[in-house]
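**Q** I would like the atomic coordinates for the input below:
(one chain, ligands or ions: 3)
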Amino acid sequence: MAEKRNIFLVGPMGAGKSTIGRHLADELHLEFFDSDQEIERKTGADIAWIFDLEGEDGFREREANTINELTDKQGIVLATGGGSIVTPAVRNRLSARGIVVYLQTTIDKQVARTQRDKRRPLLQKDDPETVLRNLAEERNPLYEEVADYVVDTDEQSARSVANQIIQKIGL
Ligand SMILES: Nc1ncnc2c1ncn2[C@@H]1O[C@H](COP(=O)(O)OP(=O)(O)O)[C@@H](O)[C@H]1O
Ligand SMILES: O=C(O)C1=C[C@@H](OP(=O)(O)O)[C@@H](O)[C@H](O)C1
Ligand SMILES: [Mg+2]
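**A** Numbering: from 1, shown residues only. Ligands and ions are numbered 1, 2, ... in the order given. Next comes the predicted model:
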């Protein structure tokens, strides 16, 4: 039997990976995973707590291991964490194991979509907009490097974006 394809969503915080990923999996009848949720499930600790205890480096190690395990599966949609692609082994693994879709958005939309949610430790600062701008400068080339498709999430609902991804990929 032909291998079932995987779809991996990458992109910055607030691009909509977790929300759109769920819709996409529903539409395609694939299993949905979110690397952050999976880390929380396995450790019994929330992301902010892991950052506090182990620092960002400790979190990245857990994230890379989790993505490694999840990408052993076939026929899944995986919403990655926005910083996962800074780890070279994660970029290689995603490219090797599925179709990578980069969800793009403006900084303004990222700020609006993340400001009420206190669960992203990197944004719990006085000026999250500057944090997001600096991260974009560092990470956007990496999203582009790993992407098979790029989809804008600014102007449409999460459900419409999921349908657009399906059309683009030709599934
Ligand atoms: N296309 C969209 N239009 C409007 N709001 C969105 C869209 N995609 C996601 N959101 C909202 O933005 C917030 C962050 O989305 P989330 O899926 O957690 O992003 P990510 O996983 O990329 O950080 C959520 O409240 C979600 O409902
Ligand atoms: O960009 C990042 O470094 C992070 C993004 C978050 O996931 P989302 O992109 O789903 O918000 C989460 O993994 C963690 O807070 C760190
Ligand atoms: Mg998410």
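**Q** C-alpha from now on. contacts and neighbour counts both.
**A** Fine.
**Q** tell me which parts of this protein are close to ligand 2?
**A** Taking C-alpha under 6 Å from any ligand atom as the test, the list of the chain residues beside ligand 2 reads 12-14, 18, 36, 81-83, 120-121.
**Q** report the buried members of those residues.
**A** For the residues of the chain next to ligand 2, a neighbour count by 16 or more other C-alpha atoms under 10 Å gives the buried set as 12-14, 18, 36, 81-83.
**Q** next one: stretch 153-164 to chain centre, how far?
**A** A distance of 15 Å separates the centroid of the chain from that of stretch 153-164, by C-alpha atoms, centre = their mean, to the nearest Å.
**Q** same question for that stretch, mean pLDDT?
**A** For stretch 153-164, the mean per-residue pLDDT is 97.
**Q** can you tell me which residues in the chain are near ligand 1?
**A** 12-19, 113-114, 153, 156-158.
**Q** buried ones only from the residues you listed, please, as a PyMOL command.
**A** Buried residues within these, by 16+ other C-alpha under 10 Å, are selected in PyMOL with:
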select buried, resi 12+13+14+15+16+17+18+114+153+158
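**Q** from the residues of the chain next to ligand 1, pick the one nearest Glu40.
**A** Nearest to Glu40 among these is Ser18, at 14.3 Å by C-alpha to C-alpha.
**Q** residues contacting that closest one?
**A** Going by C-alpha atoms under 8 Å, 6 or more residues apart in numbering, Ser18 touches 34, 79-80.
**Q** Ile7 too?
**A** Applying C-alpha under 8 Å, 6+ apart, the residues near Ile7 are 75-78, 98-101.
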